[in-house]
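1. sharing a model prediction with you, sequence too.
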Amino acid sequence: MGLSPSTRTAHRAGDPRALRGAKGGSRLSVGFILTRRFTLCAFANFVDVLRLAADEGDRSRPILCDWAVLSHLMDPVPSSSGVSVQPTERLGDPRRFDYIVVVGGLMDETPDLDPAYHRFLHQAAGANVPLIGVCTGAFFLYKAGLLKDYRCCVSWYHHTDFLEQFEGLDPVADQIFVVDRDRITCSGGASSAHVAAYLVDKHVGRAQASKSLHIMIIDDPLQGDKPQPGLTLNLKTKDPIVQRALLLMQQNIDTPVSVQDVAKRMGKSKRQIERHFRLSLDTSPQAAYLEMRLDMAKHLVETSQKSVAQIAVDCGFCDSSHLSRMFRRRFGGTPHSLRAQTG
């Protein structure tokens with residue numbers, strides 16, 4: 001059987017991936033870079049999808065997929081949970097992998113990557129090896145100058161951090177992962193399993209991708225535009241358009257945005273958003289947004305020591321009087337009276 005055009009091109013260029021394909025090796029090879037205090041579950045979910053897809057049943061032989069944890073110095077890398085992972089290979093030539101994955105973790109406890117990793121990632125990008133940022137891995141790709149002009153996905157929880165640290169970049173925080181040409185970024189957690197399943201589906205087969213997730217007791221593979229779960233909401237819906245709109249509203253509770261702006265960010269019309277809200281929740285987007293902000297205000301009144309004036313600011317109200325009027329209409333009393341009852 002002849003080599004594919006891409007494999008022939010790689011072979012002529014001396015690409016190690018061509019030799020693997022020509023010898024009947026794995027169909028998908030992934031190299032991992034773990035940052036200090038990386039998120040263990042995001043890494044484990046990703047690599048376990050590869051492991052389960054690589055062999056029949058649960059035998060874990062790296063036949064159809066292979067992977068390696070890469071390192072500059074080969075020291076164990078501590079995760080955010082305190083469990084360390086021992087790298088398996090030195091950095092070497094990135095072209096021997098189909099993808100390089102950077103797994104991030106705790107923002108405040110993670111120093112910048114060693115310059116050796118920056119050089120390796122730039123070498124990979126120069127060789128057209130796609131780069132993947134998992135959890136806060138997107139932060140490190142951006143710091144390395146490898147996300148310029150790319151859309152990138154970050155967790156809704158880190159959305160504000162990203163905006164504060166990386167001026168001029170508009171990250172996507174209402175999807176579980178984003179594929180933009182040769183960059184893939186995901187919000188971490190269970191979404192890393194879906195990114196891995198996306199790769200397995202693409203290179204190995206849909207059956208293997210589904211098998212892996214089913215063994216891990218995860219639903220069928222999700223597309224990247226599946227909404228992130230976000231904060232707990234009283235507004236429950238299975239409509240993905242409404243879910244994404246609600247998540248955008250959550251991320252802008254302190255500075256409410258218009259329904260028109262929400263629709264624009266989602267690539268929808270204002271009328272479409274309103275229709276989906278009416279059919280799914282039997283209310284308008286504006287009313288749902290107000291309900292969300294009032295629920296957050298009530299939560300802060302009951303659980304925090306913040307002043308009512310500060311809570312009003314945090315929840316996007318003009319002042320404490322405005323909050324009190326809306327609060328009384330919704331809950332039958334003022335924030336001060338509720339705090340007195342619960343105090």
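-> Great, that's in hand. Numbering: from 1, shown residues only.
2. stretch 77-87: end-to-end distance?
-> 8 Å (Cα to Cα, to the nearest Å).
3. how about it: buried residues?
-> Buried residues in stretch 77-87, counting neighbours by 16 or more other Cβ atoms under 10 Å, are found at V77, P78, S79, S80, V85, P87. C-beta coordinates here come from the backbone N, C-alpha and C atoms, glycine included.
4. and those, which two are the farthest apart?
-> Maximum pairwise distance in these, criterion Cβ to Cβ, is 17.3 Å, between S80 and P87.
5. all strands for the protein, in order.
-> All strands of the chain, identified by DSSP state E, fall at 28-34, 65-71, 77-78, 84-85, 89-90, 99-103, 131-134, 177-180, 183-186.
6. distance to Q310 and mean pLDDT for those strands - can I get that in CSV?
-> Formatted as CSV, these follow (distance: least, Cβ to Cβ, whole Å; pLDDT from 0 to 100):
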stretch, distance to Q310, mean pLDDT
strand 28-34, 39, 96
strand 65-71, 45, 96
strand 77-78, 37, 94
strand 84-85, 41, 96
strand 89-90, 51, 96
strand 99-103, 36, 96
strand 131-134, 35, 93
strand 177-180, 34, 86
strand 183-186, 34, 88
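7. which one of those lies closest to K268?
-> strand 177-180 (17.4 Å).
8. can I get that closest one in PDB, CA atoms only?
-> Provided in PDB are the C-alpha atoms of strand 177-180 (Å, rounded to 0.1, in the frame of the first residue of the first chain):
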ATOM      1  CA  PHE A 177     -12.600  23.400  23.100                       C
ATOM      2  CA  VAL A 178     -11.700  25.400  20.100                       C
ATOM      3  CA  VAL A 179      -9.900  24.200  16.900                       C
ATOM      4  CA  ASP A 180      -8.300  27.000  14.900                       C
END
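9. number of residues surrounding the nearest residue to E89 once chain neighbours are set aside?
-> For E89, ignoring the flanking residues on the chain, the nearest one in space by Cβ to Cβ, 6 or more residues apart in numbering is A68 at 4.6 Å. The local packing of A68 (other Cβ atoms under 10 Å) involves 17 other residues.
10. could you do the one 3 residues further on as well?
-> Neighbours of S71 under the rule other Cβ under 10 Å: 22.
11. nearest residue to it in space, please, no chain neighbours.
-> Distances taken as Cβ to Cβ, 6+ apart place P87 nearest to S71, at 3.3 Å, with adjacent residues excluded.
12. how close does the one you found sit to H336?
-> 57 Å (Cβ to Cβ, to the nearest Å).
13. in stretch 202-216, what counts as buried?
-> Under 16+ other Cβ under 10 Å, the buried positions of stretch 202-216 are H203, V204, Q208, A209, S210, K211, S212, L213.
14. and those as TSV, adding distance to Y117 and pLDDT?
-> Below are the buried residues of stretch 202-216 laid out as TSV (distance: Cβ to Cβ, whole Å; pLDDT from 0 to 100):
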residue	distance to Y117	pLDDT
H203	25	95
V204	28	93
Q208	30	91
A209	29	90
S210	34	89
K211	33	89
S212	28	89
L213	30	88
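15. good, wrapping up.
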